[in-house]
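Colleague: coordinates only, no sequence provided:
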């Protein structure tokens with residue numbers, strides 16, 4: 001049934017956005033995680049990819065979480081000569097996590113998650129109405 005396939009596709013979107021939210025939460029949690037020894041690299045922002053996968057059983061394309069990879073970009077340097085990770089000049093490398101970007105990504109993931117929930121609710125409602133019509 002086509003409505004069941006719509007639910008499958010939307011459910012795959014829920015799973016993908018949930019994985020995206022976990023990565024964003026990890027980035028926010030580590031926004032201040034520096035190295036512990038002089039010159040050590042701090043936490044590097046992570047990004048997740050998505051991939052389209054054909055479910056041959058039902059003939060629908062679903063979205064699946066792909067790999068989680070370290071994002072590029074430079075680390076900021078902060079002057080703090082008392083920090084254990086400070087280099088000889090007193091600078092500490094800070095993570096390349098920008099909390100504002102993470103919050104924007106989180107909002108986008110929340111909206112995508114909600115949209116997939118709406119699709120599931122609409123499909124369930126349509127299935128329920130069809131059953132009512134058949135039995136009514």
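Modeller: Here it is on my side, so go on. Since the structure is predicted, the reported quantities are computational estimates derived from the model, not experimental observations.
Colleague: how close does the residue nearest in space to the middle of the chain sit to residue 123?
Modeller: Among the residues of the chain, the one closest to the centroid is residue 20, at 1.2 Å (Cα atoms, centre = their mean). In this structure, residue 20 lies at 23 Å from residue 123, with Cβ to Cβ, to the nearest Å as the measure. Using the backbone N, CA and C atoms, a C-beta is placed for each residue, glycine as well.
Colleague: which strands or helices does the top helix by length along the chain pack on?
Modeller: Counting by DSSP state H, the longest helix found in the chain is helix 99-135. Packing partners of helix 99-135 (3 or more Cβ pairs under 8 Å, 6 or more residues apart in numbering; DSSP states H and E): helix 2-29.
Colleague: which of the residues in the helix it packs on are buried?
Modeller: Taking 16 or more other Cβ atoms under 10 Å as the neighbour-count basis, helix 2-29 is seen to contain the buried residues 6-10, 12-14, 16-17, 19-21, 23-24, 27.
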